[in-house]
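A.B. asks: Would you be able to build a 3D model of this:
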Amino acid sequence: MCPQWRQVDAALFAAVVGGRDGARYHLIVERLPSCNDWDWTVWRPGDAPRAARHGVASSAAEAMRAAEAAVRLWEAGTSPDA
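C.D. replies: Here you go, the predicted structure:
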């Protein structure tokens, strides 16, 4: 998986289609307003909002890698909390 990231203003966006069931994943990375950290979130359209996965990273590149890793874990059926 190598998503095509796009920058819009201060946010980075990507969308990927999963291999197992063709699920579509949306990824977003944004700088947190009160510090130098970056927030990342991954969700699947149609899923409950609580199903989204998210975290904080120290750089945009690290946040993009974390979001991509979350998709891989989701595809593998692995919980990020495991």
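
A.B. asks: Pull out the buried positions in stretch 34-49.
C.D. replies: Buried residues in stretch 34-49, defined by neighbour count with 16 or more other Cβ atoms under 10 Å: W38, D39, W40, T41, V42, W43, R44. C-beta coordinates here come from the backbone N, C-alpha and C atoms, glycine included.

A.B. asks: typo on my end, stretch 57-66
C.D. replies: Under 16+ other Cβ under 10 Å, the buried positions of stretch 57-66 are A57, A60, E62, A63, M64, A66.

A.B. asks: With stretch 8-15 instead?
C.D. replies: Those would be L12, A14, for stretch 8-15 by 16+ other Cβ under 10 Å.

A.B. asks: so which helix or strand takes in D47?
C.D. replies: Using DSSP states H and E, D47 sits within no helix or strand.

A.B. asks: ok, it - contacts?
C.D. replies: For D47, the contact set (Cβ atoms under 8 Å, 6 or more residues apart in numbering) is empty.

A.B. asks: And for M64?
C.D. replies: W5, L12, A14, L27, V29, W40.

A.B. asks: Okay then, goodbye and thanks.
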